[in-house]
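*Asks:* just the structure for this:
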Amino acid sequence: MRKKAFTLIELLVVIAIIAILAAILFPVFAKAKEAAKKTQDLSNMKQIGTSIQIYLADYDDTYPQAYYYPNDSGSGTDGNGVGGYVQWTGMIQPYVKNLQIFVSPGDPTGGLAPTCYVGNNNGYGAPSGQTPQASCSTIQDVQAPRNSYTANALVMPRKRRTADPMNVVAATVFDDISGTIMVAPQTHYATCINGVSNASGTAFKTHRPANGILLLNGDRFQGEDPAEVGLSAYLALDLARAKADLQACKDGTPAGAGGFSHITYAQPDRWNGMSGNYVYTDTHAKNATLDATLNPDHFQWGKRAYTAGGGVVVRADGVTPVN
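*Replies:* Numbers count the residues shown, from 1 in each chain. Next up is the predicted model:
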């Protein structure tokens, strides 16, 4: 009696078929997993938008500040932040049931910790390499303990203290409420979120908001200097400058005299290296490419500098308004 068995050639054929199927299916599985994470991220952002909508109902339809100093001064040994920060994610926390909505499944850091935090950050820890800012290491910021999202400064202003020139605005001021970005994906690169700031050491300045405009001379817009606020016009950031600044800060290249544009506080290529999810001022959320958000024919970062006096945002010619 002869026992039936596979020959060596048959086994090799089977192994080859399995290898071919694996090579075909693994990328499909990876794409499906990425798509699921992207959908979860979009759900997170929709919940954030809903929370802000409830906040608006309680605060006369007025958006919160991106952040502020609770002691209204911020002066300290490193020049700022001695009293910590109150950030927009902290302001809307009473309307949020689950702090995990502030962490994107596409953020490799698991969400950055606040600029100021104590010990183990209330049990949430911090990404490798991040430490609290030296001047406020005994203070816990009023901020989500881990966060993957940033505000648009033209909707939620960088008004650190009473003396700062930017101001909060009501929901009624927007020209295109469904086409103006309110919340964007936050960068996970320390070299991008910190920009030219050397005061923080290994702290990450995670309280900062992004924006998509420049001063007319091409310098970055920050909104802290009164000379930057109340101007008649601001320059829309163009795609080439945005890409150059984003790549430079990721590489750790020092910024030039005018500084990096504050699009670098965002992570517009979180998904497939091509796009990000955004919440708009009408609180809906959707996916968009960087190119689409900066398109001057449908500019999504704000047709006017709403929180900086309302100056019109213009195209590269310095005259024609964006649409």
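*Asks:* quick one: low-confidence ranges for this protein?
*Replies:* Flagging of the chain using pLDDT under 70 yields the residue ranges 1-4, 28-29, 75-81, 196-202.
*Asks:* okay, which residue is most central for it?
*Replies:* For the chain, the residue nearest the mean C-alpha position is Gln186 (2.5 Å; C-alpha atoms, centre = their mean).
*Asks:* my read: that residue touches Thr264, true?
*Replies:* No: when contacts are counted by C-beta atoms under 8 Å, Gln186 is not listed as touching Thr264 (10.7 Å). Yep, even glycine has a C-beta here, placed from its N, CA and C like the rest.
*Asks:* now do the buried residues in stretch 267-274.
*Replies:* 267-271 (16 or more other C-beta atoms under 10 Å).
*Asks:* output that stretch as CSV, nothing but the C-alphas.
*Replies:* Extracted C-alpha coordinates of stretch 267-274, given in CSV (Å, rounded to 0.1, in the frame of the first residue of the first chain):
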residue,chain,number,x,y,z
GLN,A,267,-0.9,68.4,10.0
PRO,A,268,-2.7,68.7,6.6
ASP,A,269,-1.3,65.3,5.3
ARG,A,270,-2.4,63.1,8.2
TRP,A,271,-4.3,60.7,6.0
ASN,A,272,-2.4,58.8,3.2
GLY,A,273,0.2,61.6,3.3
MET,A,274,-2.4,63.7,1.2
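*Asks:* can you pull out the strands in the stretch 1-150 of the chain?
*Replies:* 67-68, 86-87, 149-151 (DSSP state E, counting those that start in this stretch).
*Asks:* what is the last one packed up against?
*Replies:* If I follow you right, that is strand 149-151. helix 8-58, strand 181-185 (3 or more C-beta pairs under 8 Å, 6 or more residues apart in numbering; DSSP states H and E).
*Asks:* could these be laid out in TSV, adding distance to Arg304 and mean neighbour count?
*Replies:* Formatted as TSV, these follow (distance: least, C-beta to C-beta, whole Å; neighbours: other C-beta atoms under 10 Å):
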stretch	distance to Arg304	mean neighbour count
helix 8-58	19	14
strand 181-185	14	26
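*Asks:* out of these, which gets nearest to Leu239?
*Replies:* strand 181-185 (15.4 Å; C-beta to C-beta).
*Asks:* now the element after the closest one, going C-ward?
*Replies:* helix 190-194 (DSSP states H and E).
*Asks:* and that following helix, what does it pack onto?
*Replies:* With contacts taken as 3+ C-beta pairs under 8 Å, 6+ apart, helix 190-194 sits against helix 239-251.
*Asks:* Val13 and Phe26, how far apart?
*Replies:* Per C-beta to C-beta, to the nearest Å, Val13 is found 20 Å from Phe26.
*Asks:* same check, this time on Ala242
*Replies:* Counting by C-beta to C-beta - Ala242 and Phe26 are separated by 33 Å.
*Asks:* do Ile15 as well
*Replies:* 16 Å.
*Asks:* same check on Ser135?
*Replies:* Ser135 sits 48 Å away from Phe26, going by C-beta to C-beta.
*Asks:* with distance to His207 as extra columns, can I get the helices and strands packed on strand 149-151 in a markdown table?
*Replies:* A markdown table is the format used below for these (distance: least, C-beta to C-beta, whole Å):
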| stretch | distance to His207 |
| --- | --- |
| helix 8-58 | 16 |
| strand 181-185 | 14 |
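*Asks:* which residues of the stretch 51-200 of the chain fall in helices?
*Replies:* 88-91, 190-194 (DSSP state H, counting those that start in this stretch).
*Asks:* wait, which of those is closest to Pro296?
*Replies:* Once the helices of the stretch 51-200 of the chain are compared by C-beta to C-beta, helix 190-194 is nearest, at 23.9 Å.
*Asks:* pull out the buried residues from that closest one.
*Replies:* Using 16+ other C-beta under 10 Å as the test for burial, helix 190-194 gives 190-194.
*Asks:* tell me which of the strands of the stretch 1-150 of the chain is the most buried.
*Replies:* Of the strands of the stretch 1-150 of the chain, the one with the most neighbours on average (mean count of other C-beta atoms under 10 Å) is strand 149-151, at a mean of 28.
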